[in-house]
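# Pasting the sequence and the predicted coordinates here, then a few questions.
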Amino acid sequence: MRPLEPWSAIERWLGAPIAAELREAIARHGGGEIGAIRLYAADELIERNECYETQVYCPGYLSVGDDGGGRAIVIHAALNPATVFVVDHGSMSEGDFVAVGNDPVSWIAGGCGLDGAVR
């Protein structure tokens with residue numbers, strides 16, 4: 001696939017554009033691990049989000065990674081809000097989101113921490 005192809009496919013599947021800042025973060029860090037977090041590569045996003053039915057339970061959001069212990073890392077595709085959330089895979093509902101970062105860039109730069117809620 002050419003570099004833009006996975007993004008075009010993801011946006012078609014999602015039915016909405018993905019913010020450039022989020023694309024860049026995934027392109028740069030996806031497919032790797034930072035701390036306890038596995039960040040998905042762009043070519044994994046559709047499969048992972050279909051598996052966890054992200055579009056059904058939290059439309060507009062993308063599961064961009066997981067903690068290997070049953071929790072998803074969820075970010076709004078348009079970064080509206082830009083907050084990074086963690087949520088149990090068994091309860092993929094906005095009401096159960098816990099904020100762990102103010103935005104993907106600073107959250108990744110800070111080591112993808114899951115401790116403490118963000119205000």
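Yes, it's here.

# what about the helices in this structure?
Using DSSP state H, the helices assigned to the chain run over residues 5-14, 20-29, 45-51, 54-57, 104-109.

# So what's the model's average confidence on the shortest one?
When pLDDT is averaged over helix 54-57, the result is 94.

# dump the residue contacts of residue 36.
67, 68, 69, 112, 114 (CB atoms under 8 Å, 6 or more residues apart in numbering). (C-beta placed from N, C-alpha, C; glycine too.)

# can you redo these as TSV with pLDDT, neighbour count and distance to residue 88?
Compiled in TSV, those are given as follows (pLDDT from 0 to 100; neighbours: other CB atoms under 10 Å; distance: CB to CB, whole Å):
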residue	pLDDT	neighbour count	distance to residue 88
67	96	16	10
68	94	10	13
69	94	9	10
112	95	22	17
114	90	18	12
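
# now, which of those sits nearest residue 38?
Within the set of the contacts of residue 36, residue 68 lies nearest residue 38; the separation is 6.2 Å, counting by CB to CB.

# separation between that closest one and residue 37?
Distance from residue 68 to residue 37, counting by CB to CB, to the nearest Å: 8 Å.

# I'd like to know which elements the helix or strand bottoming out on mean pLDDT in the chain is packed against.
Taking mean pLDDT, DSSP states H and E as the measure, the helices and strands of the chain show their lowest mean at helix 5-14, namely a mean of 91. Counting contacts by 3 or more CB pairs under 8 Å, 6 or more residues apart in numbering; DSSP states H and E, helix 5-14 is packed against helix 45-51.
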